[in-house]
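*Asks:* could you work out the structure for the sequence below:
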Amino acid sequence: MFDVVIVSDDKTKNVYYLSSNSMKFKKGDVVIFESDNGILLGRIVCENYSEKKENLILPLSKVIRVATKDDLKNHNKNVNNANEALVEAKKIEKKMNLGMNFIDSYYYFDRSQLVFLFLSDSRVDFRELAKKLAAKYKTRIELRQVGVRDKAKRIGGLGPCGLFLCCNSFLTDFNSVSINMAKNQMLALNPSKINGICGRLLCCLGYENDTYTELKKDFPKIGLVADTPMGMGKVVSLDIFKRTYSVDLKEKGIVSISLDEVK
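*Replies:* Reported below is the predicted structural model:
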């Protein structure tokens, strides 16, 4: 068993499972920690707990320390410097006409790397731009092409439900969402209704999909001819919450059948 804490990087929204390094933390603590690419500042979202070896990807990176006042001051300086670098990168890119839409930038806490995130409709040869930025900022430069879902996650906003975007609030990964999920939940396939502000299918389509699949198991499929207590008819609609379905009977028209009565 390993003593583990879970840390979230406020900037990237990434979540890290880390060794506690024999220290005790509480939720909300701001800490300095190791990552695969450098040192980062983040916040404890799950305090110390024991986890089995087989559930972890080893070796674990570790928490270095609780952030001090000087650490927070340096972090704020990094944020300001990264914002200034973003403005400069946009100016250089515009002169080079590379077709890159920069959306964000950040320094690793130890300033070992400066990362720029951008959107582009095609692949970009940004090697010359990277050289110019590295020469100016004297650190390793990473230019990372991201998608529109990543942009929404970084920038945030309000979803059609009126709440803050899930991707910007609590989601750590983008799970696959398909049009079949919308069909399974009997939603109107109107892009304005089932697409998020990123233009992709709503992440929340996946939240209840398994429940709909389970609830629909006992129902006849729409379009099939079913044998009901009132005769044979074509199934035209389902109401899985009332546990009823509508059938078009030749002699009686459309009637509602209770699933419990059929059983």
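
*Asks:* from here on, just use CA atoms for contacts and neighbour counts.
*Replies:* Noted.

*Asks:* partners of the longest strand anywhere in the chain in the sheet?
*Replies:* Longest strand in the chain by number of residues (criterion: DSSP state E): strand 39-51. Note on strand 39-51: by DSSP bridges, its sheet partners are strand 2-8 (antiparallel), strand 30-34 (antiparallel).

*Asks:* what does that strand contact?
*Replies:* Residues from elsewhere that reach strand 39-51 (CA atoms under 8 Å, 6 or more residues apart in numbering): 1-10, 20, 24-34, 67, 75, 108-110.

*Asks:* for that strand, the distance to its chain's centre please.
*Replies:* 19 Å (CA atoms, centre = their mean, to the nearest Å).

*Asks:* do stretch 17-30 as well
*Replies:* 24 Å.

*Asks:* and the contacts of strand 39-51, which are buried?
*Replies:* 3-9, 20, 25, 30-34, 67, 75, 108-109 (16 or more other CA atoms under 10 Å).

*Asks:* relative to Gly157, how far out is Leu163?
*Replies:* 8 Å (CA to CA, to the nearest Å).

*Asks:* the more surrounded of the two?
*Replies:* Gly157 (16 against 10; other CA atoms under 10 Å).

*Asks:* ok, now which ones touch that one?
*Replies:* Gly157 neighbours (CA under 8 Å, 6+ apart): 164-165, 168.

*Asks:* rerun at 6 Å
*Replies:* Contacts for Gly157 (CA atoms under 6 Å, 6 or more residues apart in numbering) come out as 164-165.

*Asks:* offset the numbering so it begins at 20, please.
*Replies:* All right, first residue 20 from here; so that's Gly176.

*Asks:* what helix or strand is Glu161 on?
*Replies:* strand 159-164 (DSSP states H and E).

*Asks:* and that strand, which residues are buried?
*Replies:* Quick answer for strand 159-164 (16+ other CA under 10 Å): 159-160, 162, 164.

*Asks:* can you give the domain ranges for this structure?
*Replies:* 21-86, 91-165, 170-230, 238-281 (automatic domain parsing).

*Asks:* helix/strand/coil for the residue lying closest to Lys269 once chain neighbours are set aside?
*Replies:* Using CA to CA, 6 or more residues apart in numbering and skipping residues adjacent in sequence, the residue nearest Lys269 is Gly252, 7.1 Å away. Using DSSP: H, G, I helix; E, B strand; the rest coil, the structure places Gly252 in strand.

*Asks:* from Val266, how far off is Gly252?
*Replies:* Counting by CA to CA, the gap from Gly252 to Val266 is 5 Å.

*Asks:* same check, this time on Leu257
*Replies:* In terms of CA to CA, Leu257 sits 9 Å off from Val266.

*Asks:* neighbour-wise, which of the two wins?
*Replies:* Val266 (28 against 20).

*Asks:* which of the helices or strands spans that one?
*Replies:* Judged by DSSP H and E, Val266 forms part of strand 263-268.

*Asks:* buried residues of the longest helix seen in the chain, list them for me.
*Replies:* Counting residues, the longest helix found in the chain (DSSP state H) is helix 88-115. For helix 88-115, burial by neighbour count (16+ other CA under 10 Å) applies to 90-91, 94, 97-98, 100-102, 104-105, 108, 112.

*Asks:* name the nearest of these relative to Asp229.
*Replies:* Among those, Val98 lies closest to Asp229 (CA to CA), at 41.1 Å.

*Asks:* quick check: bridge partners of the closest residue to that closest one other than its chain neighbours?
*Replies:* Nearest non-adjacent residue to Val98, counting by CA to CA, 6+ apart: Tyr125, 6.4 Å away. Note on Tyr125: beta-bridge partners Val134, judged by DSSP bridges.

*Asks:* Ala101 is in contact with Tyr125, correct?
*Replies:* Yes: if you go by CA atoms under 6 Å, Tyr125 and Ala101 touch, sitting 5.1 Å apart.

*Asks:* Thr230: which element?
*Replies:* Going by DSSP H and E, Thr230 is part of helix 228-234.
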